[in-house]
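A.B. asks: quick one: sequence and predicted model below, then my questions.
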Amino acid sequence: MLAEAQARQPLGNPPQPRGIALPNCCAVLGSCLRRGQGGLTAAFLLSGELTDMSPGTTSAGDLTPKILAAAASGVEDTIHRFGGDVEAIFGRATIRSAQLASPINELTLHQFCTLFEEAARQTGQDNFGLNFGYDFAPQRLGAIGYVAITSPTLAAGLNNLVRYFPAHQDSSILSLEEDRDLLWLTYQILDPRIDERRQDAELSLGMFLNILRNALGPDWMPLEIHFEHGRPDGGGEHERRFGAPTLFGQRTNAIAFRREALAQPMANCDPYLFAVIEPFLAERAASRRAPTDFVSALKQEIKLKLGESSSSLRSVAGRMGLSSAALQRRLRELGVSYNDLLRAARQELALRYVRESDMPLTEIAFAVGYSELSAFSRAFRAWTGLSPQQYRRQTQR
């Protein structure tokens, strides 16, 4: 089956997040902006009531993005298995072993990403995160894993995973997007300060794959895998692990699968356990909202449509369920201009494409909204003091 999948054309990029109707679960009504905390939320109709789902958020009073320690459960054993020095790796990540003793302890998201990047470097296992995520049972994710696998169907499980992901991890976005008869489970860290995030992306998609396989069986394979980072030297192992064509240098991290899979029952459906766990996640998610999330999510919306007319303020506002005037008013309240966010989105995406992919520079220029390579090159030199060619040579050594 993998050989057949490799022979066909790539599926393309996941569509812009806009919400989809999920059978046996809830109907996503689309993105809207709630006043109050200032975060971006999506309204869900669940059993006739509206509930909120915020993309990855930070707790009020502390803008340092966090992640629950459950996501690192078993990392010490994996480091030992690959011959690594746990104490040295934890030291470089400024983590104490005691922080992993409870699944509801917190690490900063930067500590978490550094932990796995250092583990890959120190053990010499470039695919450390890939292997860790592939072997990671959903139960080890703690509350967010249990709320997914104790749901009645895959549709309900993925909805609950997306809905409560902000309770598990800050400054990140997890969404389920529709593309005709395909669905994409997409994931990305929004915090631009976290540069090294390859290991996190690979372990995260491995974890999500195992949640899908809880309903679809251990041998189930997705249609395609996308990663935002460039293709590593050991890229062939990714296709063997996921059992699907794997594309690198994409706009986001994603798993593609058929919509019909949503009706499958979860193997570990447990209404009682779900009822015990859900209130913890609901309370935690509600407490972790900050105005910075709106700006991060807006910039992400822009980045996903750069190079297209739909990156205009009017189009972006419409996808977020706002009028142009409402979006501009919200940005004025935050002291941010749309053009500044557009420039920042172009710069971040351009730097990543030049640094982490082998895309021709002309393609990169068009992808980030420039009609001519010369204009892109001038802008790039203004950002970095280097031409795109010089920057690529220096960063890909």
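C.D. replies: Sure, I can see it.

A.B. asks: over to the spatially closest residue to Asp85 that is not a sequence neighbour. Which of the three states is it?
C.D. replies: Counting by CB to CB, 6 or more residues apart in numbering, Asp85 lies nearest to Gln122, which is 6.4 Å off, once chain neighbours are set aside. C-beta: built from backbone N, CA, C; applies to glycine. Recorded secondary structure, Gln122: helix (DSSP: H, G, I helix; E, B strand; the rest coil).

A.B. asks: which residues does Gln122 contact?
C.D. replies: 79, 84-85, 88-89, 92 (CB atoms under 8 Å, 6 or more residues apart in numbering).

A.B. asks: before we move on, what about Leu158?
C.D. replies: 22, 148, 176, 185, 211, 262.

A.B. asks: that's a strand at it, yeah?
C.D. replies: No - read with three-state DSSP, Leu158 is helix and lies in no strand.

A.B. asks: what packs against the strand or helix carrying Gln394?
C.D. replies: Here Gln394, judged by DSSP states H and E, is contained in helix 388-395. Packing contacts for helix 388-395, counted by 3 or more CB pairs under 8 Å, 6 or more residues apart in numbering; DSSP states H and E, involve helix 338-356, helix 361-367, helix 373-384.

A.B. asks: could you save these as CSV and add columns showing mean neighbour count and mean pLDDT?
C.D. replies: Formatted as CSV, these follow (neighbours: other CB atoms under 10 Å; pLDDT from 0 to 100):
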stretch, mean neighbour count, mean pLDDT
helix 338-356, 19, 87
helix 361-367, 18, 90
helix 373-384, 16, 93
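
A.B. asks: can I get those in CSV including distance to Phe242?
C.D. replies: Putting those into CSV (distance: least, CB to CB, whole Å) gives the following:
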stretch, distance to Phe242
helix 338-356, 20
helix 361-367, 25
helix 373-384, 33
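
A.B. asks: hmm, back to that, so of the contacts of Leu158, which ones are in helices?
C.D. replies: 148, 211 (DSSP state H).

A.B. asks: of the contacts of Leu158 - the most surrounded one?
C.D. replies: Ala148 (29 neighbours; other CB atoms under 10 Å).

A.B. asks: so it is in contact with Arg163, correct?
C.D. replies: No - the criterion here is CB atoms under 8 Å, and Ala148 misses it with Arg163 at 10.1 Å.

A.B. asks: what about the residue nearest to Gly142 when sequence neighbours are not counted, how many neighbours?
C.D. replies: Nearest residue to Gly142 in three dimensions, chain neighbours excluded: Ala70, at 3.1 Å (CB to CB, 6+ apart). By other CB under 10 Å, 20 other residues sit near Ala70.

A.B. asks: quick one, phi/psi of Ala70?
C.D. replies: phi -60, psi -30 (degrees, to the nearest 10).

A.B. asks: what sits against it?
C.D. replies: 103-104, 140-145, 168.

A.B. asks: could I get those as JSON lines with neighbour count and distance to Leu281?
C.D. replies: Shown next, in JSON lines, are these (neighbours: other CB atoms under 10 Å; distance: CB to CB, whole Å):
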{"residue": "Pro103", "neighbour count": "17", "distance to Leu281": "12"}
{"residue": "Ile104", "neighbour count": "11", "distance to Leu281": "11"}
{"residue": "Arg140", "neighbour count": "17", "distance to Leu281": "16"}
{"residue": "Leu141", "neighbour count": "24", "distance to Leu281": "12"}
{"residue": "Gly142", "neighbour count": "21", "distance to Leu281": "10"}
{"residue": "Ala143", "neighbour count": "20", "distance to Leu281": "5"}
{"residue": "Ile144", "neighbour count": "26", "distance to Leu281": "7"}
{"residue": "Gly145", "neighbour count": "26", "distance to Leu281": "11"}
{"residue": "His168", "neighbour count": "25", "distance to Leu281": "8"}
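
A.B. asks: what would those residues look like in TSV with secondary structure, distance to Leu331 and pLDDT?
C.D. replies: Listed next are the contacts of Ala70 as TSV, based on DSSP: H, G, I helix; E, B strand; the rest coil; distance: CB to CB, whole Å; pLDDT from 0 to 100:
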residue	secondary structure	distance to Leu331	pLDDT
Pro103	coil	38	95
Ile104	coil	35	94
Arg140	helix	40	96
Leu141	helix	35	96
Gly142	coil	36	95
Ala143	helix	34	96
Ile144	helix	32	97
Gly145	helix	36	97
His168	helix	29	96
